[in-house]
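Enquirer: Predicted model, plus sequence, below.
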Amino acid sequence: MSKVRVLAGTRKGAFLLESDGKRKTWTVSGPHFAGWEVYHLKGSPADPSRIYVSQSSGWFGQQIQRSSDGGKTWEAAGNAFVYEGTPGTHQWYDGTPHPWEFKRVWHLEPSLTDPDTVYAGVEDAALFRSTDSGASWQELSGLRNHSTGSRWQPGAGGMCLHTVLQDPSDANRLYVAISAAGAFRTDDGGASWTPINRGLRSEYIPDPNAEIGHCVHRIALHPARPDVLFMQKHWDVMRSEDRGANWTEVSGNLPTDFGFAMAVHAHQPDTVYVLPIKSDSEHFPPDGKLRVYRTRSGGNEWEPLTAGLPQQDCYVNVLRGAMAVDALDSCGVYFGTTGGQVYASADSGDTWAPIVRDLPAVLSVEVQTIP
Amino acid sequence: MIRVVLPYHLRTLAGVADEVELPLDGAVTLRAVLDALETRYPPLVGTLRDHSTGRRRPFIRFFACQQDLSHDPLDALLPLPVLTAAEPLLIIGAIAGG
């Protein structure tokens, strides 16, 4: 029988939550790397036993951990993320040039086909790749050296490359998202990059056609239809039919224009989940009600999913990396909160229950479906 | 021999339970101690000194014999009681945040 493993990265370590295919009872393992921030951990689609972890600390810097036995044991991998060449500058908050400085790994994206290859999205924004199980890292510097790079500015959370997507139909095509530069695509394996932000509307940017400067919070795709992208942005939910070349707003009847997390149903490419948050100023669910919203039509028409979720006095946040789906026949949907809860739905979002309630603030949630 | 006390999280990372003893003798500098630590415990590379610049990470401090050595040149000799192993070199995570 299939098994599900939920990987939760938190402010104070990593937790592994496991269940059988029924997803009724769960075992909890952790904290792994207790006391360290775990921004992200993710398993290899090519080998579920291989898990990569970003472990970081304001005191001691960045570590990468690797497991080859499904999280039973860990070994330290390489942690030298050194920008290629002389890094140069990007724009600081006050508009002055500021040197590129590595701070941490926000996102680890294992290759779809090779368990030893993994991408790392880092702050200050850059993309690295390892082809030796994380032992060494090389920057794909064409991204940071894009002609707009010197004008990129950090968002409130830093200038982070927080999302990496792989096109399963073309190994040379990747998408990344950077706060607050925007989304970018490569069609040549990371050598060159194109900003893909046409159609995004961002308040306070005077130029409605600004090539960069957009605060993209998350992008997502369905592997069966990889040309269609969805985006949760600082403002609005967006959809692209053409690999990000053009975007149209599909926020429809969502209760707010803000949010972080986003996921696409495992089997239905037009079924998308978001979790609206009340405004960039307050960062909690509107009306104290924790509601996932689901569209079954690729956007515009959204339904609130509330069964099993707190509908009063709830003021947690759900961060950009903290929602994921499993691949079982009845698709499971999962998200974690800054209040330490990890919620699961085994029926595509119709009903929810907490797996755990009292973890440290959850930074990321990933799911492995293990045959 | 040089005795070194690591902060909790670095002891965990290095897989050591207690004080570390490094086989260094004679005129030993802080740089030599850090190099030896990183050679013996590769996961410590980058935790004390920045990968790119080689500078001490901001929240790392070095103490010995009731002196703060954090701002001393890396190539300065360590105090005599450290060189004779009468006192350990203390590596401290600065007290900040939670």
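Expert: Sure, I can see it. Just so you know, these numbers come straight off a predicted model, no measurement behind them. Residues are numbered from 1 along each chain as shown, chains lettered A, B, ... in the order given.

Enquirer: Tell me the residues of chain A that contact chain B?
Expert: With CB under 8 Å from any CB of the partner chain as the criterion, chain A meets chain B at residues A:35-36, A:57-63, A:76, A:79-83, A:102. Every C-beta, even on glycine, is put in place using the N, C-alpha and C of the backbone.

Enquirer: Give me the subset of those lying in strands.
Expert: Per DSSP state E, strands hold the following members of the residues of chain A next to chain B: A:57, A:61-63, A:76.

Enquirer: For stretch A:65-72, buried residues please.
Expert: A:65-68, A:70-71 (16 or more other CB atoms under 10 Å in any protein chain shown).

Enquirer: just checking, which of those residues belong to strands?
Expert: A:65-67.

Enquirer: from these, which is closest to chain B?
Expert: A:Q65 (9.2 Å; CB to the nearest CB).

Enquirer: who are the neighbours in contact with that closest one?
Expert: A:32-33, A:52-53, A:55, A:74-77 (CB atoms under 8 Å, 6 or more residues apart in numbering or on different chains).

Enquirer: now the helices: where do they sit in chain B?
Expert: Taking DSSP state H, the helices of chain B run over residues B:8-14, B:30-40, B:80-83.

Enquirer: of the ones you listed, which approaches A:G298 most closely?
Expert: Evaluated over the helices of chain B, closeness to A:G298 peaks at helix B:8-14, with 45.7 Å, by CB to CB.

Enquirer: Can you get me a residue count around the nearest residue to A:T351 once chain neighbours are set aside?
Expert: Spatially, and ignoring its direct neighbours in sequence, A:T351 is nearest to A:A307 (4.5 Å; CB to CB, 6 or more residues apart in numbering or on different chains). By the measure other CB atoms under 10 Å in any protein chain shown, the count of residues near A:A307 is 13.

Enquirer: got it, and B:M1?
Expert: That count, for B:M1 with other CB under 10 Å as the rule, works out to 11.

Enquirer: State the distance from the residue nearest to it when sequence neighbours are not counted to A:S240.
Expert: Counting by CB to CB, 6+ apart, B:A85 is the residue found nearest to B:M1 once chain neighbours are left out, at 5.0 Å. Taking CB to CB, to the nearest Å as the measure, B:A85 and A:S240 are separated by 65 Å.

Enquirer: okay, the two: which has more neighbours?
Expert: A:S240 (21 against 14).

Enquirer: Pass me the low-pLDDT residue ranges in the stretch 201-350 of chain A, would you?
Expert: Scanning the stretch 201-350 of chain A for pLDDT under 70 picks out nothing.

Enquirer: pretty sure A:G142 is touching A:F184, no?
Expert: No. A:G142 sits out of contact with A:F184 when judged by CB atoms under 8 Å, with a separation of 9.9 Å.

Enquirer: Mutual contacts of the two, please.
Expert: Common neighbours of A:G142 and A:F184 (CB under 8 Å, 6+ apart) are A:W193.

Enquirer: quick one: which of those two has more around it?
Expert: A:F184 (25 against 18).

Enquirer: Settle this for me: that one is touching A:G190, isn't it.
Expert: No. With contacts counted by CB under 8 Å, A:F184 stays clear of A:G190, the gap being 10.3 Å.

Enquirer: For the two, list the residues in contact with both.
Expert: A:L143.

Enquirer: Distance check, A:G88 against A:A76.
Expert: Between A:G88 and A:A76 the distance is 30 Å, computed by CB to CB.

Enquirer: typo on my end, A:V274
Expert: From A:V274 to A:A76 the distance is 36 Å (CB to CB).

Enquirer: Comparing the two, which shows the higher neighbour count?
Expert: A:V274 (28 against 21).

Enquirer: so what's that one up against?
Expert: Contacts of A:V274 by CB under 8 Å, 6+ apart are A:232, A:237, A:254, A:259, A:261-262, A:292-293, A:302.

Enquirer: farthest-separated two in those?
Expert: Maximum distance among those (CB to CB): 14.1 Å, for A:A261 and A:W302.

Enquirer: Neighbour count for the two, which is higher?
Expert: A:A261 (27 against 24).

Enquirer: wait, what's in contact with residue 48?
Expert: No chain in the question, so chain A it is. Counted by CB under 8 Å, 6+ apart, A:P48 has contacts A:5, A:70, A:368, A:370.

Enquirer: oops, chain B please
Expert: Counting by CB under 8 Å, 6+ apart, B:L48 touches A:60, B:10, B:34, B:37-38, B:56-57, B:60, B:91.

Enquirer: Please apply the same query to A:S169.
Expert: Contacts of A:S169 by CB under 8 Å, 6+ apart are A:P226.

Enquirer: One more: the one 3 residues further on?
Expert: The neighbours of A:N172, taking CB under 8 Å, 6+ apart as the test, are A:186-189.

Enquirer: Not counting residues beside it along the chain, what's closest to it?
Expert: Leaving aside its sequence neighbours, A:N172 sits nearest to A:G189 (CB to CB, 6+ apart; 4.3 Å).
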